[in-house]
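In: Generate coordinates for the sequence data below:
(chains A, B, C and D)
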There are 2 protein chains.
Amino acid sequence: MRPTDTPKVRALPMFVNVSDDTFNRVTGTAYLQRFPAHTTLLLEGDPVDFLYVLLEGQVELQGTWKDKETTLTILRPVSTFILAAVVLDADALMSARTLERCEILMISGDAIRTAMAEDAPFAVAIARELSGCYRGLVRTIKNQKLRGGVERLANYLLTLRAKSGGGDLVHLPHEKRVLAALLGMTPENLSRAFATLGGYGVEVTGADVRLGKLRDLERLARPDPLIDNHAPRGANPSAEADAEVWSTEHQRASGARS
Amino acid sequence: MRPTDTPKVRALPMFVNVSDDTFNRVTGTAYLQRFPAHTTLLLEGDPVDFLYVLLEGQVELQGTWKDKETTLTILRPVSTFILAAVVLDADALMSARTLERCEILMISGDAIRTAMAEDAPFAVAIARELSGCYRGLVRTIKNQKLRGGVERLANYLLTLRAKSGGGDLVHLPHEKRVLAALLGMTPENLSRAFATLGGYGVEVTGADVRLGKLRDLERLARPDPLIDNHAPRGANPSAEADAEVWSTEHQRASGARS
DNA sequence: TTATTGGCTTGATGTCGATCAAGCCAATTG
DNA sequence: CAATTGGCTTGATCGACATCAAGCCAATAA
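Out: Numbers count the residues shown, from 1 in each chain, chains lettered A, B, ... in the order given. Predicted coordinates for the structure are as follows:
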């Protein structure tokens, strides 16, 4: 990988408490690759030889059945993906494709499995990583099955707000059509959902959204720490260092967050 | 735990390639507990102190939001559950409750985390376990979002058939109301779904189901190795030792399976 | 400039599944 | 035995969301 990328990768939770030796061994044979937009990186059913680390761009993970298709998640830097398949040396259950130009680090699956067997702290880090991914998925399912479209959108906006520091202006990081897929609805219904949220103070101008009447929006959305992974749980100041963001999305060291 | 239970536990994938020393250390402080039917073992949001191993009975994992409720899975012996929360020492994201009288082994979470840090093979086993759970969840989501109710039921029946040896008679292991929850539909719609499948040779008599016209049923169900975890993938005899069954369900050594 | 394209919105309609309301049947209970 | 209960089914209705079909608007290209 490029020298400038090393710190980003070294800072991944997966590597934080790991020896330089193991880190170098695992990433030694890794290589950086650039992909154009709309490129399929991996097709469901394919054997998985590499762990992917997204350093730049956006990647969509999606599943297919009988010419129907569903978006499972959209990743942004810095994220790793298909870790579970790598650990088991199994075939991919979902396809991965770029939404825009991407810069991706590819780490040998063999190297990872070997390092895990030899280095307990590294294996523990991987297990923690996987636990976070698992819990992210549980949250996703609850979000999908327990909430309606408008509620999902409302909570998405609140999550976005929380991640971007808390002002009442947020900027949508995806095209609306992509956002619709992410929220599990059609673009048409996303439009209508935004229209509905107009009654709760949500004003949309292109990709910029103003959340007037935050209070009203929250009363509708009812964000829940057991689904949304932002926002305080009742009155419990316990540690809770979950970085549960699906296939491991990690804030890059940009904005100072309180 | 009881001496008679030891072999069952020792045979869990999580312990197979683990030293006696580690196994004894981890299970040393474990204790066996019996619960009556319809008992809540764990409420979502609770801190998790134990890894649970279901030895007898059935347990439902479910999530709640705004007085709506959804069943995430139903476990049967031998299964472990809430492993991810144990690894992260985090709060439970789902509630667990017994559907019938249960016998459950409770293993200290601390013991597990400590053993992982000291014993790489054990940590690797846990990571593999988690990977399987993760992939089970991915399958669940694809099943939910890509298939309609009738298709889910059809595939459920085919999976059941595969697990019970392949005859054209299968026996439903749950009450229909529970099955409905598991398949993500109401009892009413499960009834109608069964009625629809009548046209595909499915005859229901109480909990016994006969799958006449298997061919027709399969053409409707279109089982897919990337969702259903049974049935052959096209023509690929590769190893694939996934035991991906959600929160780790493992066949007990009863029926000889080919 | 005038076409054209692509992303987004809006309205009309259709479909799937949830809900409401009986009714049925078998098992349990007084 | 009759009465009750609980699980299951069936029909009618409703609501959420998908689909189909225009139409709008801004960016790009001829």
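
In: Contacts for the lowest-mean-pLDDT helix or strand in chain A next, please.
Out: Counting by mean pLDDT, DSSP states H and E, chain A has its least confident helix or strand at helix A:6-10, which shows a mean of 88. Here helix A:6-10 makes contact (C-beta atoms under 8 Å, 6 or more residues apart in numbering or on different chains) with A:1, A:15, A:23, A:27, A:53, A:55, A:78, A:105, A:252. From N, CA and C alone the C-beta is placed, and that goes for glycine too.

In: cool, and stretch A:184-198?
Out: With C-beta under 8 Å, 6+ apart, stretch A:184-198 has contacts from A:70-71, A:144, A:149-150, A:152-154, A:157, A:176-177, A:179-180, A:183, A:202, A:204, A:217, A:220, B:145.

In: try 7 Å
Out: Residues from elsewhere that reach stretch A:184-198 (C-beta atoms under 7 Å, 6 or more residues apart in numbering or on different chains): A:144, A:149-150, A:152-154, A:176-177, A:179-180, A:183, A:202, A:204, B:145.

In: Among the contacts of helix A:6-10, name the ones in helices.
Out: The helices, defined by DSSP state H, take in A:15, A:23, A:27 from the contacts of helix A:6-10.

In: Most neighbours among these, which one is it?
Out: With neighbours defined as other C-beta atoms under 10 Å in any protein chain shown, the most crowded of the ones in helices among the contacts of helix A:6-10 is A:T27; it has 22 neighbours.

In: helix/strand/coil for A:H38?
Out: The three-state assignment at A:H38 reads coil, by DSSP: H, G, I helix; E, B strand; the rest coil.

In: show me what contacts it?
Out: Residues in contact with A:H38 (C-beta under 7 Å, 6+ apart) are A:97-98.

In: per-residue pLDDT, it?
Out: With respect to pLDDT, A:H38 has a value of 93.

In: what's the distance between the residue of chain A found nearest DNA strand D and A:Y200?
Out: Taking C-beta to the nearest atom of the strand, DNA strand D has its nearest neighbour within chain A at A:G148, 3.2 Å off. Separation of A:G148 from A:Y200 (C-beta to C-beta, to the nearest Å): 14 Å.

In: Of those two, which one has the most company?
Out: More neighbours surround A:Y200 than the other of A:G148 and A:Y200, with 20 against 11 (other C-beta under 10 Å).

In: Tell me which helix or strand that one sits in.
Out: Using DSSP states H and E, A:Y200 sits in no helix or strand.

In: Could you pull up the residues touching it?
Out: Contacts for A:Y200 (C-beta under 7 Å, 6+ apart) come out as A:213, A:216-217, A:220.

In: List phi and psi for it.
Out: phi -110, psi 30 (degrees, to the nearest 10).

In: got the residues of the stretch 51-200 of chain A near chain B?
Out: Applying C-beta under 7 Å from any C-beta of the partner chain, one finds that the stretch 51-200 of chain A approaches chain B through A:63, A:65-66, A:68, A:70, A:72, A:84, A:87-88, A:90, A:93-94, A:116-120, A:123-124, A:126-128, A:130-135, A:137-142, A:145-147, A:184.

In: Would you mind naming what in chain A lies close to DNA strand D?
Out: Residues of chain A lying close to DNA strand D by C-beta under 7 Å from any atom of the strand are A:148-150, A:184-186, A:188-189.

In: run the last query once more with 10 Å
Out: Counting by C-beta under 10 Å from any atom of the strand, the residues of chain A close to DNA strand D are A:68, A:70, A:144, A:147-153, A:180-181, A:183-193, A:196, A:206.

In: can you give me the strands in chain A?
Out: A:31-35, A:40-42, A:50-56, A:59-65, A:68-75, A:79-81, A:95-98, A:102-108, A:169-171, A:202-205, A:208-211 (DSSP state E).

In: will you turn those strands into a markdown table that also has mean neighbour count?
Out: Shown next, in a markdown table, are the strands of chain A (neighbours: other C-beta atoms under 10 Å in any protein chain shown):
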| stretch | mean neighbour count |
| --- | --- |
| strand A:31-35 | 14 |
| strand A:40-42 | 19 |
| strand A:50-56 | 22 |
| strand A:59-65 | 21 |
| strand A:68-75 | 18 |
| strand A:79-81 | 24 |
| strand A:95-98 | 21 |
| strand A:102-108 | 21 |
| strand A:169-171 | 15 |
| strand A:202-205 | 15 |
| strand A:208-211 | 16 |
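
In: Mind putting those strands into TSV with distance to A:A11?
Out: Below are the strands of chain A laid out as TSV (distance: least, C-beta to C-beta, whole Å):
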stretch	distance to A:A11
strand A:31-35	16
strand A:40-42	23
strand A:50-56	11
strand A:59-65	19
strand A:68-75	17
strand A:79-81	12
strand A:95-98	23
strand A:102-108	13
strand A:169-171	25
strand A:202-205	35
strand A:208-211	30
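
In: out of these, nearest to DNA strand C?
Out: When these are compared (using C-beta to the nearest atom of the strand), the closest one is strand A:202-205, at 5.6 Å.

In: strand partners of that closest one, parallel vs antiparallel please.
Out: strand A:208-211 (antiparallel) (DSSP bridges).

In: Hmm, A:L83 and A:Y52 touching each other?
Out: No - assessed by C-beta atoms under 7 Å, A:Y52 is found out of contact with A:L83, at 9.0 Å.

In: Overlap in contacts, these two.
Out: If you check A:Y52 and A:L83 against C-beta under 7 Å, 6+ apart, no residue is contacted by both.

In: circling back: which of the strands of chain A sits closest to B:D110?
Out: strand A:79-81 (27.9 Å; C-beta to C-beta).

In: Summarise which helices and strands that closest one is packed against.
Out: Under the contact definition 3 or more C-beta pairs under 7 Å, 6 or more residues apart in numbering or on different chains; DSSP states H and E, strand A:79-81 sits against strand A:50-56.

In: what about the strand it packs on, distance to the chain center?
Out: Distance of strand A:50-56 from its chain centroid, counting by C-alpha atoms, centre = their mean, to the nearest Å, is 12 Å.

In: neighbouring strands for it, and are they parallel or not?
Out: strand A:79-81 (antiparallel), strand A:102-108 (antiparallel).

In: Could I get these in TSV, plus columns for distance to B:D168?
Out: Formatted as TSV, the strands paired with strand A:50-56 follow (distance: least, C-beta to C-beta, whole Å):
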stretch	distance to B:D168
strand A:79-81	41
strand A:102-108	46
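
In: Columns mean pLDDT and distance to B:T6 on top of those strands, output as TSV?
Out: Shown next, in TSV, are those (pLDDT from 0 to 100; distance: least, C-beta to C-beta, whole Å):
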stretch	mean pLDDT	distance to B:T6
strand A:79-81	96	38
strand A:102-108	96	39
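
In: pLDDT score assigned to the residue at the greatest distance from the centre of chain A?
Out: Most distant residue from the mean C-alpha position of chain A: A:G199, 29.6 Å away (C-alpha atoms, centre = their mean). A:G199 carries a pLDDT value of 95.

In: and it, what are its phi and psi?
Out: Here A:G199 shows phi and psi, under degrees, to the nearest 10, equal to phi -70, psi -10.
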